[in-house]
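> My questions are about this predicted structure, shown below with the sequence.
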Amino acid sequence: MNDFVHPVSDEFEDIYFIEGAREGRYPYSHSLLIGDVLIDTGISSRLLRKLKRLYPINNVLLSHWHEDHISGNRLLPDAKFFIHQKDQFLIENVDKFKEFYGILNTPAENDFDWLMEGIKLQNTKIDEVIEDNQILKFGNGFNIKIIHTPGHTAGHCAFLELNSKIAFLADIDLTKFVFYAGIDSNLMDFEESLEKLSQLNIKTAVTGHRGIVEGEKEIKKELDDYSSVIYKRNERILSYFTETNPKTVLDFKNQNIIYKYYSRDKKYEIIAEMIMIQKHIDKFLKKGILASKNNGYVLK
């Protein structure tokens, strides 16, 4: 067995955790191979070329449109590609990514262009769109249920193989960082998606950046811990508001509200942080916790 291909189950053969380059850290991600079905292609070009020499890959399920999960699509020209309808447009029009990340005409745009050129991102023609609760049947008796889990992106999906109860959670990755900084992200949808996953019987969870989590009880605990990251952000952001002094999202700039520290990608991280803070404000407005006042927001 190659060092990046790991069997997930002793009982269910032909299901493999495919470890991405740099241990799945951005701009790469992990994948799951179920028979001839590969979920996400961001393991790196080098590893994907190696994988396709070892195993037939006839079908590709894409969890969502982000570049670190689709960068290898161009290397599988004969495969059939699936994605949720709400993410189809972006997969087929990658030139729109900058707009949906909110970085068009910002200081972060050039760095993103450089990255996209480096991973040779190309449009992918989608052969079939998928929807929530749909069950896709593949060879060797594999039945993969689509679980629409919006929030990270509008069409983000998890996938559950029904016989083995092995799931791929994609960018609900059970790390200590929760990301919803796309124009199509939605914080309240994200919270509902986490609750939805916690109600499922999942024996093994594979995530896009962390790897494997075993056991139904442990998976539920990890989902709770992941949700608590959002809850703590809710509390922290809300603590800045008063009933009398209106604040705008610009008042949070450079305050490390979500990023504990800014890295060499600071230009983008500040933009992403501001977008995510606005998602919290949108939630507080919808729930009647905040109200608009003098072009800002106050506690209601």
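Cool, got the structure.

> In the least confident helix or strand in the chain by mean pLDDT, which residues are buried?
Lowest mean confidence among the helices and strands of the chain (mean pLDDT, DSSP states H and E): helix 109-118, at a mean of 94. Applying a neighbour-count criterion of 16 or more other Cβ atoms under 10 Å, one finds F112, L115, M116 buried in helix 109-118. (Each C-beta comes from the backbone N, C-alpha and C, glycine too.)

> residue contacts, the last one?
Under the criterion of Cβ atoms under 8 Å, 6 or more residues apart in numbering, the contact list for M116 reads E67, V94, F97.

> Turn those residues into CSV, columns for pLDDT, neighbour count and secondary structure.
What follows is those, written out as CSV (pLDDT from 0 to 100; neighbours: other Cβ atoms under 10 Å; DSSP: H, G, I helix; E, B strand; the rest coil):
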residue, pLDDT, neighbour count, secondary structure
E67, 98, 18, helix
V94, 97, 17, helix
F97, 98, 18, helix
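
> Could you provide those in JSON lines, with additional columns for distance to E192?
Output for those, formatted as JSON lines (distance: Cβ to Cβ, whole Å):
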{"residue": "E67", "distance to E192": "25"}
{"residue": "V94", "distance to E192": "28"}
{"residue": "F97", "distance to E192": "25"}
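
> Pick the one among those closest to F241.
F97 (32.5 Å; Cβ to Cβ).

> Would you agree the closest one is in contact with F89?
No. Using Cβ atoms under 8 Å as the test, F97 is too far from F89 to be in contact (11.2 Å).

> Go ahead and measure how far the strand or helix carrying L136 is from the middle of the chain.
Element membership of L136 [criterion: DSSP states H and E] is strand 135-137. On the basis of Cα atoms, centre = their mean, to the nearest Å, strand 135-137 sits 22 Å off its chain's mean C-alpha point.

> Spell out which strands sit alongside that strand in the sheet and which way each one runs.
Taking DSSP bridges as the criterion, strand 135-137 sits next to strand 143-148 (antiparallel) in its sheet.

> And the next helix or strand past the partner strand?
Using DSSP H and E, the next helix or strand after strand 143-148 towards the C-terminus is strand 157-161.

> List of residues touching that next one?
Here strand 157-161 makes contact (Cβ under 8 Å, 6+ apart) with 12, 15, 32, 34, 39, 61, 63-64, 83-84, 130, 142-149, 166-170, 172, 197, 200, 202.

> export that strand as PDB, just CAs?
Listed in PDB are the C-alpha atoms of strand 157-161, where the atom choice follows Å, rounded to 0.1, in the frame of the first residue of the first chain:
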ATOM      1  CA  CYS A 157     -22.300  18.400   0.500                       C
ATOM      2  CA  ALA A 158     -21.200  15.500   2.700                       C
ATOM      3  CA  PHE A 159     -21.400  11.900   1.500                       C
ATOM      4  CA  LEU A 160     -22.400   8.800   3.500                       C
ATOM      5  CA  GLU A 161     -21.800   5.300   2.200                       C
END
